[in-house]
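K.L.:
this is the structure alone, sequence omitted:
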């Protein structure tokens, strides 16, 4: 898979002077556009559109300093219809406008071309199983929170602490399907897994599609395939590492891609740093280029 990803990035590089067809880039990588965006974000540590903008402005910056083209010509060359739009994008990357950069010969910021390679960091096995699930409903309480990759997510913790006892009792009465018990669910609002990106964060239970939510929030989830990972380690660092490893190690090594849907986590809340058992459910589908697919 990494070879196909690098081929896709090579193709993307040839499209920086025009609108990039992300569907075509994903096709070269042999995955869906949704999965390509999610996987890139996890591997690169930034959303795909941010990388594209930084690469464009790296090339544009060199041409601005060279002084052979007018600023408007540079803007048009890299897909901007006006000098103002180009200047905003230029400033967002370099911290200075193109006109000032040309006049002063300013120091600019370069985004190197990316490529992915395998780095062997250990021999830790990832325990997982594949589960086919019929339609279900998540019933509980949701809140909009930012992603936090390391340490405690204060917004998520505040959401949990703000749950009233009556709501929790009602949730437990509705538990009907695996995974059992009160759990959390994360619904990504974009393809980005960047630190600070907003997600819908649920505390709830998995129940039947026709379960009455009453005064609780409800999320209907269609039938699909799920990869289920068992985990044991200190809370919450082990879980954050598991989420990272699923996208940076498991997906590139297995014949599955991610698909839209909530990521479910069942864990026993404990003191920070205390070890606990957890179970992570990721919505997946078998890749079109997989053997036997």
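P.N.:
Yes, it's here. Because the structure is predicted, anything quoted here is derived from the model rather than measured. Numbers count the residues shown, from 1 in each chain.
K.L.:
which strand or helix spans residue 215?
P.N.:
Assigning secondary structure by DSSP states H and E places residue 215 outside every helix and strand.
K.L.:
excluding its backbone neighbours, what's nearest residue 75?
P.N.:
Using Cβ to Cβ, 6 or more residues apart in numbering and skipping the chain neighbours, the partner closest in space to residue 75 is residue 86 (3.4 Å). Every C-beta, even on glycine, is put in place using the N, C-alpha and C of the backbone.
K.L.:
got the contact list for the one you found?
P.N.:
Contacts for residue 86 (Cβ atoms under 8 Å, 6 or more residues apart in numbering) come out as 60, 71, 74-75, 78, 80, 98.
K.L.:
which stretches of this structure form strands?
P.N.:
Along the chain, the stretches classed as strands by DSSP state E are 128-133, 136-146, 183-188, 198-207, 217-221, 224-234, 256-258, 263-267, 275-286.
K.L.:
got the angle for the second one vs strand 183-188?
P.N.:
Spelled out, that is strand 136-146. 70 degrees (axes from the mean of the first three to the mean of the last three Cα atoms, to 10 degrees).
K.L.:
what comes up buried for strand 136-146?
P.N.:
136-143, 145 (16 or more other Cβ atoms under 10 Å).
K.L.:
give the partner strands of that strand in its sheet and their orientations.
P.N.:
strand 198-207 (antiparallel), strand 217-221 (antiparallel) (DSSP bridges).
K.L.:
now the shortest one
P.N.:
Strand pairing for strand 256-258, using DSSP bridges, gives strand 275-286 (antiparallel).
K.L.:
which residues are in contact with the strand it pairs with?
P.N.:
When contacts are defined by Cβ under 8 Å, 6+ apart, strand 275-286 is touched by residues 130-131, 179, 224-235, 238-239, 242-243, 246, 255-270, 293.
K.L.:
equivalent analysis for stretch 228-246, please.
P.N.:
42, 126-131, 149-153, 227, 250, 263, 265, 267, 269-282.
K.L.:
re the thing from before, ChimeraX command for the buried members of the contacts of strand 275-286?
P.N.:
In ChimeraX syntax, the buried subset of the contacts of strand 275-286 is picked out as below (16+ other Cβ under 10 Å):
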select :179,224,225,226,227,228,229,231,235,238,239,242,243,246,256,257,258,259,261,262,263,264,265,266,267
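K.L.:
winner for burial among the strands paired with strand 136-146?
P.N.:
Comparing these by mean neighbour count (mean count of other Cβ atoms under 10 Å), strand 198-207 ranks first with a mean of 22.
K.L.:
from residue 176, how far out is the closest residue to residue 81 other than its chain neighbours?
P.N.:
Nearest residue to residue 81 in three dimensions, chain neighbours excluded: residue 75, at 8.0 Å (Cβ to Cβ, 6+ apart). Here residue 75 is placed at a distance of 57 Å from residue 176 (Cβ to Cβ, to the nearest Å).
K.L.:
and the two? Which one has more around it.
P.N.:
residue 75 (23 against 15; other Cβ atoms under 10 Å).
K.L.:
who touches residue 250 in this structure?
P.N.:
Residues near residue 250 by Cβ under 8 Å, 6+ apart: 126, 128, 227, 229.
K.L.:
ok, which pair from those is furthest apart?
P.N.:
By the measure Cβ to Cβ, 126 and 227 form the most distant pair in the contacts of residue 250, at 9.7 Å.
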